[in-house]
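1. Sharing a model prediction with you, sequence too.
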Amino acid sequence: MATFVLVPGFWLGAWAWERVTDRLREAGHQVHPVTLTGLAERAGEATPEVNVDTHTADVIAVIEDNDLHDVVLVAHSGATLPVTCAADRIPERLARVVYVDTAPLPSGMAQIDFHEPEERAAVERQIAEEGRGMFVPPPPFDPAADPDSLAGLSEEDLELLRSRATPEPVGAATQGPERPERAPDTPKTLISTTIPLEFVEKMVADGVPAFATLAGPEWTFQHLPTGHWPMFSRPRELADLLAAQAS
């Protein structure tokens, strides 16, 4: 049986993994869903100083404080940076790193840098106006405005996201931590949901810079066709894919 550490993306806490966690535990796996500093039940810990380094320390603490080994470390969406930085620092504790509809960013690149200039400017305005300069506010989770990302979600899922999402500490989006020149060769898997796997593989093969971190023999690729929130839209299938990465 495997040991999983599940790290949610922006605006979410450990609660977001509940359906996935239940299925993995029913299969006999050990599962540690994570709530990062400043989110969900830890929202009261949010300060202007919370950033990727803080969240990296959170992930490492879960692994080290519980004396976990051979961990399958899972990042969804915006959790890519703290998970990648933790994987860079404690590779000896890990069996595999899994990226769910996300991928590791290059050294020095912040989450906000991934946006095109116009979209980035809109996010920065939202941070200043709605987030008081401290937070990235949650999106409205409106399927009419974002049908691809929210594909597969029921109205109950959408209402759950709207009611339980919490603002993301701004440092998690704006800090671009430095990574080692040579990353550990820990086995890695991308579970793509919103981007067809054929497209991902072609971009990697063509050497497109945005996909450069996905090149290398340590990588495998899986596709789960759904929206960006598979822990809600297809939790059983996601849990089964994660379990398969540990076999």
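-> That came through, no problem.
2. Only the buried residues of the helix or strand of the chain with the lowest mean pLDDT, if you could.
-> One helix or strand of the chain scores below all others by mean pLDDT, DSSP states H and E: helix 197-205, with a mean of 89. By neighbour count on 16 or more other CB atoms under 10 Å, the buried set for helix 197-205 is 197, 200, 201, 203, 204. Every C-beta, even on glycine, is put in place using the N, C-alpha and C of the backbone.
3. The second one is in contact with residue 208, isn't it?
-> No: using CB atoms under 8 Å as the test, residue 200 is too far from residue 208 to be in contact (9.9 Å).
4. ok, now which ones touch the most centrally placed residue in the chain?
-> Most central in the chain under CA atoms, centre = their mean is residue 76, positioned 2.4 Å from the mean C-alpha point. Residues near residue 76 by CB atoms under 8 Å, 6 or more residues apart in numbering: 6, 7, 8, 9, 12, 16, 100, 101, 102, 231.
5. go on, residue 32?
-> So residue 32 contacts 3, 4, 5, 6, 62, 66, 68 (CB under 8 Å, 6+ apart).
6. what do you get for residue 1?
-> Contacts for residue 1 (CB under 8 Å, 6+ apart) come out as 27, 28, 29, 30.
7. roughly how far apart are it and residue 97?
-> 19 Å (CB to CB, to the nearest Å).
8. same check, this time on residue 25
-> 21 Å.
9. Could you check which of the two has the larger neighbour count?
-> Neighbour totals were compared for residue 25 and residue 97, and residue 97 leads with 26 against 14 (other CB atoms under 10 Å).
10. Reduced to three states, what does the more buried one come out as?
-> With DSSP: H, G, I helix; E, B strand; the rest coil as the basis, residue 97 sits in strand.
11. Pull the contacting residues for it.
-> Contacts for residue 97 (CB under 8 Å, 6+ apart) come out as 72, 73, 74, 75, 83, 84, 87, 186, 187, 188, 189.
12. Next up, the contacts around the fourth one.
-> It stands for residue 75. Contact partners of residue 75, counting by CB under 8 Å, 6+ apart, are 7, 9, 82, 83, 84, 97, 98, 99, 100, 102.
13. Assumed it was part of a strand.
-> Yes: inclusion of residue 75 in a strand is indicated when three-state DSSP is applied.
14. What is the burial count for residue 118?
-> By other CB under 10 Å, neighbour count at residue 118 equals 7.
15. what's the answer for residue 159, then?
-> Residue 159 has 12 neighbours, counted by other CB under 10 Å.
16. The one 10 residues further on too?
-> Neighbour count for residue 169, taken as other CB under 10 Å: 29.
17. ok, it - contacts?
-> For residue 169, the contact set (CB under 8 Å, 6+ apart) comprises 37, 38, 39, 46, 47, 50, 51, 54, 134, 135, 136.
18. Going by distance to residue 168, which of these wins?
-> residue 136 (4.2 Å; CB to CB).
19. and the gap between the closest one and residue 151?
-> Taken as CB to CB, the span from residue 136 to residue 151 is 22 Å.
20. Next: residue 13.
-> 23 Å.
21. same check, this time on residue 216
-> Residue 216 is 30 Å from residue 151, by CB to CB.
22. The two: which is more packed in?
-> Neighbours per residue (other CB under 10 Å) separate residue 216 from residue 151, with residue 151 holding more: 17 against 11.
23. Hmm, that one is touching residue 226, no?
-> Yes: taking CB under 8 Å as the definition, residue 151 is a contact partner of residue 226 at 6.0 Å.
24. Touching both of those two, which residues are there?
-> 194, 233.
25. other SSEs contacting the helix or strand containing residue 53?
-> Using DSSP states H and E, residue 53 sits within helix 52-65. Under the contact criterion of 3 or more CB pairs under 8 Å, 6 or more residues apart in numbering; DSSP states H and E, helix 52-65 touches strand 3-7, strand 71-76, helix 80-89, helix 171-174.
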